[in-house]
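Engineer: Compute the structure for the input listed below.
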Amino acid sequence: MRAVLQRVTSANVEVDGKIVGKIGKGWLILLGVGQGDEDSDLTYLADKCVGLRGFQDAEGKMNLSAAEVKAEFLIVSQFTLYGDCRKGRRPGFSDAAPADLSRTIYSRFCAQIRSQGFVVEEGIFQADMKVSLVNDGPVTFLLDSRKTF
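Structural biologist: Numbering: from 1, shown residues only. Have a look, this model is predicted:
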């Protein structure tokens, strides 16, 4: 699994002109599910997103986790995180998991973070979404459950 975490002061996702998810301070997570991803990938990535000390303390240092700042989460499925652009001009998506598996893992990922007491808003799986955000910092992290980067 791959995730792009963006620390935000606010973010929302819109489908067909209607806001379907909206948060204040927290993490906007763009989440991609890859071929062969399983429970261990989901658990690793969810724990990393919740526990990552990416929020500023009183001295301006990134020392605080999502729980310590009462962060909210907006989680948006994004298969293009598995786009392979190394050859040619058209990305290949053979490393992305099939839609049915991706939908299941995406839903379970959201549920796992929600079960820890966080506000979790979601996009709509496979919809054409418009994502708006105010990136705080800007602070952006790339995570991969297989630790390839």
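Engineer: What segments of the chain are helices?
Structural biologist: In the chain, the helices defined using DSSP state H lie at 39-51, 66-69, 99-114.
Engineer: And for the nearest residue to Val50 once chain neighbours are set aside, the neighbour number?
Structural biologist: Nearest non-adjacent residue to Val50, counting by Cβ to Cβ, 6 or more residues apart in numbering: Ala66, 5.4 Å away. Quick note: C-beta positions are derived from backbone N, CA and C, even for glycine. For Ala66, the neighbour count with other Cβ atoms under 10 Å is 24.
Engineer: same deal with the one 3 residues further on?
Structural biologist: A count of nearby residues for Val69, using other Cβ under 10 Å, gives 15.
Engineer: any idea how far it is from Ile124?
Structural biologist: 27 Å (Cβ to Cβ, to the nearest Å).
Engineer: Now do the same contact list for Val4.
Structural biologist: Ile29, Leu30, Gln78, Leu81, Thr140, Phe141, Leu142, Leu143 (Cβ atoms under 8 Å, 6 or more residues apart in numbering).
Engineer: For stretch 128-136, C-alpha coordinates in CSV please.
Structural biologist: Only the C-alpha atoms of stretch 128-136 are listed here, as CSV (Å, rounded to 0.1, in the frame of the first residue of the first chain):
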residue,chain,number,x,y,z
ASP,A,128,-14.4,11.5,-10.3
MET,A,129,-13.4,13.6,-7.3
LYS,A,130,-12.2,17.2,-6.9
VAL,A,131,-9.9,17.5,-3.8
SER,A,132,-9.2,20.8,-2.2
LEU,A,133,-6.8,21.4,0.6
VAL,A,134,-4.8,24.0,2.4
ASN,A,135,-1.4,22.3,2.9
ASP,A,136,0.0,23.3,6.3
